[in-house]
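# Okay, predicted coordinates and the sequence, questions at the end:
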Amino acid sequence: EGELRKFGLMRKSYLENHRRGIYSGLLLSGKLKEHLLMIQEQAEKRFDLLVAQMAEKEGVTERLKADDQMLWMRRMNNIRARAEEIVREEIFFVCK
């Protein structure tokens with residue numbers, strides 16, 4: 001058992017609205033929550049990896065955070081937004 005969070009709920013909404021057959025099949029078989037939790041776990045791992053890789057590549061470090069917190073926060077928010085967009089596309093279009 002687990003709790004559905006952002007990516008799991010996004011996948012559920014996508015299936016309900018755009019892949020009704022898959023949604024119904026998973027629901028009727030009792031495997032919907034298992035599927036959503038699996039996708040959620042994969043998406044969260046992918047998101048964390050992307051954020052770490054982008055931050056490293058762009059030089060968004062703890063040193064920058066210590067020197068200029070506002071700049072660090074702006075850059076991290078931008079990185080997180082881009083990583084979330086990538087993961088969202090993967091959830092919707094790759095995991096069918």
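Ah, there it is.
# In contact with Leu50, which residues?
When the contact criterion is Cβ atoms under 8 Å, 6 or more residues apart in numbering, the partners of Leu50 are 82-83, 86-87. Placement of C-beta: from N, CA and C, glycine included.
# CSV please, covering those and showing neighbour count, secondary structure and pLDDT.
Conversion of those to CSV gives the following (neighbours: other Cβ atoms under 10 Å; DSSP: H, G, I helix; E, B strand; the rest coil; pLDDT from 0 to 100):
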residue, neighbour count, secondary structure, pLDDT
Arg82, 13, helix, 98
Ala83, 20, helix, 98
Ile86, 13, helix, 95
Val87, 24, helix, 95
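# and which of these is nearest to Lys31?
Sorting these by how near they are to Lys31, with Cβ to Cβ, puts Val87 at the top with 22.0 Å.
# what about the closest one, distance to Lys65?
Using Cβ to Cβ, to the nearest Å, we find Val87 at a distance of 23 Å from Lys65.
# Is Leu4 part of a helix or strand, or is it coil?
Reduced to three states with DSSP: H, G, I helix; E, B strand; the rest coil, the structure at Leu4 is coil.
# Ramachandran angles for it?
phi -80, psi 130 (degrees, to the nearest 10).
# How many neighbouring residues does the closest residue to Arg75 other than its chain neighbours have?
Counting by Cβ to Cβ, 6 or more residues apart in numbering, Val60 is the residue found nearest to Arg75 once chain neighbours are left out, at 4.7 Å. Counted with other Cβ atoms under 10 Å, the burial measure for Val60 works out to 20 neighbours.
# So Val60: helix, strand or coil?
Three-state secondary structure (criterion: three-state DSSP) places Val60 in coil.
# and it, backbone torsions?
With angles defined as degrees, to the nearest 10, Val60 shows backbone torsions of phi -90, psi 90.
# Ala43 against Phe92, yeah?
No - shown here, Ala43 and Phe92 do not form a contact pair, counting by Cβ atoms under 8 Å, at 10.6 Å.
# could I get the contacts of Leu50 as JSON lines with distance to Ser29?
Below are the contacts of Leu50 laid out as JSON lines (distance: Cβ to Cβ, whole Å):
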{"residue": "Arg82", "distance to Ser29": "35"}
{"residue": "Ala83", "distance to Ser29": "32"}
{"residue": "Ile86", "distance to Ser29": "30"}
{"residue": "Val87", "distance to Ser29": "26"}
